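# my questions concern the predicted model and sequence given below.
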Amino acid sequence: MEMKTTAIHKKPLNISSERVCDCDITHLNCMTAKEWLKSQIGVWQFFYEKRDIRDKTVHPATFPISLSKKVIELFTHKGELILDPFVGSGTTLVAAQDLERNAVGFDLNEKFVKLAKSRLTETKLFGTAKQIAVCDDAINIPEYFKPNTIKLIWTSPPYANLLNRARKNKSRRDRDNGQLGIVEQYSQDVRDLGTMSIEDYTKNMGDIFEKLLPLLKQKGHCVINVPDMWWENKRITIHVSLIEELRKRGYELRNTIIWDRTNIVNKVGIFGWPSNYITMGVTFEYLLDFWKPADTTNDNRDG
Ligand SMILES: C[S@@+](CC[C@H](N)C(=O)[O-])C[C@H]1O[C@@H](n2cnc3c(N)ncnc32)[C@H](O)[C@@H]1O
């Protein structure tokens, strides 16, 4: 069924994308050499803090503020502009507020946008950086920005329809935490990427990110947080689908970072023993780090 869309004229948002630090123009971020050295390790661990939302009835899939801060500190300077196309509870905006970066987050669901806005009012306001939460489909994002203004796209997208089913797996059965039989979807809106098959999901993600590429500055990074998943005893490699699709759409993969979640997994069970070895899916996730390649159209490489 075709969805009706409301014709709203959207103007570019009034938000700065300019650095406010004194760092050398060639520097990627405001880090010292010592801080940079620590960030070179390709496996990252984080703890949740009090302000993090861990109640799945409030939002089913949030990442920690500390993870968001690390990505932002690595790939932006103070004052630069960050985009989260699937902002959920607004963790990226909270991290950007802490670090004095401008940031805009989009979500299809009004209730999550309200939640994101309320989280932003919890911390005392200082500095000149703005953080804005907008309720809209990610495919419409280009209407809100001028080209070559965004320094970092950082997000945790939905994972196709893999969470859009009742949780029946053994790990949930063993736990008395109210998650058995729960469907961790965001909505049943046809535009919600969490309702799509992996094939439709991959194509839709490609369409969204292709339209975002012109907004990104040259060599601006795009970091995507995804896990792989088990579905009917098959491994669904979401990270492979996304790497292939984003490469087709003009992004270049720079780094694959592992978010090691072993320090925050609260219960370990025996899965598949003794005949079927399966790793516990919750123990790690991928952080796929792409960038927009530098413009080479003026290169004279062929002649
Ligand atoms: C994994 S969550 C993001 C969680 C976020 N990182 C946090 O810490 O709260 C993905 C979000 O994408 C939203 N979403 C799904 N389809 C969308 C679309 N087409 N456009 C914008 N947002 C969408 C969902 O409502 C959901 O909140």
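Ah, there it is.

# tell me, how many residues neighbour the residue in the chain that the ligand sits nearest to?
When scored by Cβ to the nearest ligand atom, the chain has G88 as its residue closest to the ligand, at 2.7 Å. To be clear about C-beta, it is placed using only N, CA and C from the backbone, and glycine gets the same treatment. With neighbours defined by other Cβ atoms under 10 Å, the count for G88 comes to 25.

# I'd say it and K111 touch.
No: G88 lies out of contact with K111 (Cβ atoms under 8 Å); the separation is 10.5 Å.

# select the longest helix from this structure.
helix 198-212 (DSSP state H).

# show me what the residue nearest to I224 when sequence neighbours are not counted is bridged to.
What sits nearest to I224 in space, not counting adjacent residues and going by Cβ to Cβ, 6 or more residues apart in numbering, is L288, at 4.6 Å. Beta bridges link L288 to I224, T256 when assigned by DSSP bridges.

# go ahead and confirm L288 touches V223.
Yes: using Cβ under 8 Å as the test, L288 is close enough to V223 to be in contact (6.9 Å).

# show me what from the stretch 1-150 of the chain comes close to the ligand.
For the stretch 1-150 of the chain, the residues in contact with the ligand (Cβ under 6 Å from any ligand atom) are 59, 61-63, 86, 88-89, 91, 106-109, 112, 137-138.

# tell me the buried residues within the residues you listed.
By neighbour count, with 16 or more other Cβ atoms under 10 Å, these hold 59, 61-63, 86, 88-89, 91, 106-108, 112, 137-138 as buried.

# need the max-distance pair from the residues you listed.
F63 and D137 (21.4 Å; Cβ to Cβ).

# how about the residue of the chain closest to the ligand, secondary structure?
coil (DSSP: H, G, I helix; E, B strand; the rest coil).

# contacting residues for it?
Counting by Cβ atoms under 8 Å, 6 or more residues apart in numbering, G88 touches 59, 61-62, 107, 112, 116, 156, 186.

# against F126, how distant is it?
25 Å (Cβ to Cβ, to the nearest Å).

# output the below-cut-off pLDDT ranges for the chain.
Scanning the chain for pLDDT under 70 picks out the ranges 1-10, 124-125, 163-185, 296-303.

# what segments of it are strands?
43-44, 81-84, 102-107, 131-135, 150-155, 216-226, 229-231, 234-236, 252-260, 284-291 (DSSP state E).

# of those strands, which approaches L246 most closely?
Judging the strands of the chain by Cβ to Cβ, what sits closest to L246 is strand 284-291, at 5.7 Å.

# and C23, how many neighbours does it have?
13.

# the helices in the chain, which residues?
Under DSSP H, the chain gives helices at 33-39, 65-75, 91-98, 110-122, 170-174, 198-212, 238-248.

# run the angle between the second one and strand 252-260 for me.
Think helix 65-75. 150 degrees (axes from the mean of the first three to the mean of the last three Cα atoms, to 10 degrees).

# and the gap between the residue most central in space within the chain and F63?
For the chain, the residue nearest the mean C-alpha position is T155 (1.2 Å; Cα atoms, centre = their mean). For T155, the distance to F63 (Cβ to Cβ) stands at 9 Å.

# now the common contact residues for the two.
With Cβ under 8 Å, 6+ apart, T155 and F63 have common neighbours N225.

# I257 is in contact with Y286, isn't it?
Yes: contact criterion Cβ under 8 Å: I257 and Y286 qualify, at 7.4 Å.

# what sits against T76?
29, 82, 101, 151-152.

# go again using 10 Å as the cut-off
19, 28-30, 82, 96, 99, 101-103, 150-152, 154, 220-221 (Cβ atoms under 10 Å, 6 or more residues apart in numbering).

# need phi/psi at it.
Main-chain dihedrals, T76, degrees, to the nearest 10: phi -140, psi 160.

# how about R101?
phi -110, psi 150.

# burial count for it?
If we define neighbours as other Cβ under 10 Å, then R101 has 28 of them.

# wait, it sits on A129?
Yes: here R101 reaches A129: they are 5.7 Å apart, a contact under Cβ atoms under 10 Å.

# which neighbours do those two have in common?
In contact with both R101 and A129: 20, 78-82, using Cβ under 10 Å, 6+ apart.

# against A138, how distant is the residue of the chain closest to the ligand?
12 Å.

# repeat for W273
Counting by Cβ to Cβ - W273 and A138 are separated by 41 Å.

# what's the answer for F145, then?
Applying Cβ to Cβ to F145 and A138 gives a distance of 12 Å.

# same question for R247.
19 Å.
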